[in-house]
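Enquirer: Provided below are the primary sequence and the corresponding predicted coordinates.
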Amino acid sequence: MKKAIQFGAGNIGRGFIGAVLARAGYQVTFADVVETLLDQINERKGYTVHVTDTNSYDIEISGIKAVHSGSEAVVSEIVDADIITTAVGIGILKFVAPAIAKGLASRMEAGVEKPLNIMCCENGLKATSQLKALVFSQLDRKVAEWVEGHVGFPDAAVDRIVPPVLCEVPLDVAVEEFFEWDAERSGFVGGVPDIPGMVPVDNLLAYVERKLFTLNTGHAALAYLGKLRGYETIGESIADEAVRDIVRKVMQQSGEALVKKFGFDHGKHFEYIESILVRFHNPYLKDDCNRVGRDPLRKLAANDRLILPMMTARGYGLPYDKLLLAIGACLHFDNPEDPQSVEMIGSVRETGVEGTIVKYSGIPEDDPVLKEIASAYAEAGTWKPSK
């Protein structure tokens with residue numbers, strides 16, 4: 001039986017990537033650091049994915065197991081694995097890389113010749129390439145040369161909303177019906193594996209940016225603007241006509257830039273935007289503004305979902321005022337339980353909006369857009385709770 005290792009046994013790992021792999025006939029081993037979660041997986045050896053949408057049904061996942069992602073057990077699993085995937089968050093890849101590097105070295109020593117493909121299923125640009133660099137930094141020359149010939153590192157773009165819905169059985173997970181998993185065809189070794197639901201593509205960057213700067217940009221804007229209006233959930237936020245109108249325009253401004261950059265069909269892309277708004281309306285998925293808006297400093301990075309689409313639209317001479325407003329709303333995101341929110345709010349208080357953007361987004365301190373962001377921050381501050 002084909003073997004898959006899924007780093008990250010959280011909701012995305014179980015409800016999306018791990019489930020797709022299991023249904024494709026892989027024996028899935030989850031690698032994580034949460035001992036209680038590992039124990040539950042090894043005890044139950046399965047869980048249910050509750051598709052909670054206009055069409056609602058259950059998918060049973062069985063035959064799974066789990067190992068600690070920093071243990072020798074995961075190294076042993078890597079030796080004869082066919083595919084490795086991650087859904088841990090971009091910032092955690094540096095902690096995953098050492099185990100993968102060790103496993104690849106052991107794989108070479110064991111004389112395993114079958115191809116292995118490693119894919120990061122994260123919200124970010126070229127996440128697999130980032131992991132590959134981290135892994136290769138820990139390999140000696142001999143192992144690195146062997147890996148180049150035996151291991152593929154295709155970049156990927158994934159899309160599925162999997163909120164932290166509490167299920168009666170702790171391992172179960174609720175998901176929307178829609179999902180998309182695109183993978184860079186040229187990155188595979190040994191041919192593209194047959195995984196129903198995973199689509200090999202030739203121009204992956206277009207798919208990555210289309211998703212990141214439409215769905216993720218809109219989702220973040222919805223969380224930040226909704227929270228300013230006093231809402232706790234995404235559902236409450238999208239039901240507010242004023243919020244919904246701004247979020248639509250945020251995605252449209254990003255969309256105009258994407259159409260210019262990649263030559264997308266304008267009509268089809270704007271239909272894609274409307275389909276995402278429908279997904280945000282899903283009444284069955286109770287998603288939280290604090291969850292969607294978490295880690296605001298990461299979302300304000302130069303190549304992430306707020307700054308890059310704004311700068312891209314600006315670079316093409318297109319309108320970007322609503323993207324600015326989303327950035328301004330992000331800078332107001334105040335959640336004492338989120339370390340990045342606490343750090344960001346403290347930075348704005350101590351160094352101001354412009355200083356904070358320079359520090360975390362890398363925009364030069366003499367760029368006139370800083371004053372536009374400061375104005376957008378002030379405008380966002382006038383949004384009052386609707387309650």
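Expert: Structure received. Numbering: from 1, shown residues only.

Enquirer: can you count the residues close to G255?
Expert: Counted with other CB atoms under 10 Å, the neighbours of G255 add up to 25. Placement of C-beta: from N, CA and C, glycine included.

Enquirer: is it within a helix or a strand, and which one?
Expert: G255 belongs to helix 241-262 when assigned by DSSP states H and E.

Enquirer: what's the answer for I61, then?
Expert: With DSSP H and E as the test, I61 turns up in strand 57-62.

Enquirer: for stretch 170-188, measure first residue to last.
Expert: End-to-end distance for stretch 170-188: 35 Å, by CA to CA, to the nearest Å.

Enquirer: next, the buried residues of it.
Expert: By 16 or more other CB atoms under 10 Å, the buried positions in stretch 170-188 come out as 171-177, 179, 181-184, 187-188.

Enquirer: hmm, back to that, which helices and strands sit right next to the helix holding G255?
Expert: If you count contacts as 3 or more CB pairs under 8 Å, 6 or more residues apart in numbering; DSSP states H and E, helix 241-262 packs onto helix 204-211, helix 217-228, helix 234-239, helix 266-280, helix 307-315, helix 321-330.

Enquirer: what's the angle between the second one and helix 241-262?
Expert: On the basis of axes from the mean of the first three to the mean of the last three CA atoms, to 10 degrees, helix 217-228 is oriented at 160 degrees to helix 241-262.

Enquirer: avg pLDDT for helix 217-228?
Expert: The average pLDDT within helix 217-228 is 97.

Enquirer: what is that helix packed up against?
Expert: Using 3+ CB pairs under 8 Å, 6+ apart: helix 217-228 touches helix 234-239, helix 241-262, helix 266-280, helix 289-292, helix 321-330, helix 369-380.

Enquirer: if we use 7 Å, what do you get?
Expert: The contact analysis (3 or more CB pairs under 7 Å, 6 or more residues apart in numbering; DSSP states H and E) places helix 217-228 against helix 234-239, helix 241-262, helix 289-292, helix 321-330.

Enquirer: C-terminal to the third one, what's the next element?
Expert: I take that to be helix 289-292. helix 296-299.

Enquirer: give the other helices and strands that that following helix contacts.
Expert: Under the contact criterion of 3+ CB pairs under 7 Å, 6+ apart, helix 296-299 touches helix 339-361.

Enquirer: before we move on, back to that, give the rounded mean pLDDT of the strand holding I61.
Expert: 96.

Enquirer: quick check: K249 vs A313, distance?
Expert: Separation of K249 from A313 (CB to CB, to the nearest Å) stands at 12 Å.

Enquirer: what's the answer for G8, then?
Expert: Taking CB to CB, one finds G8 at 33 Å from A313.

Enquirer: and for Q340?
Expert: 25 Å.

Enquirer: those two: which has the busier surroundings?
Expert: Between Q340 and A313, counted using other CB under 10 Å, A313 has the larger neighbour count: 25 against 18.

Enquirer: I'd guessed the more buried one sits against Y320; true?
Expert: Yes: with contact defined as CB atoms under 7 Å, A313 reaches Y320; the gap is 4.1 Å.

Enquirer: what is in contact with these two at once?
Expert: Q253 (CB atoms under 7 Å, 6 or more residues apart in numbering).

Enquirer: rewinding a little: could you list the buried residues of the helix holding G255?
Expert: In helix 241-262, counting by 16+ other CB under 10 Å, buried: 243-244, 246-261.
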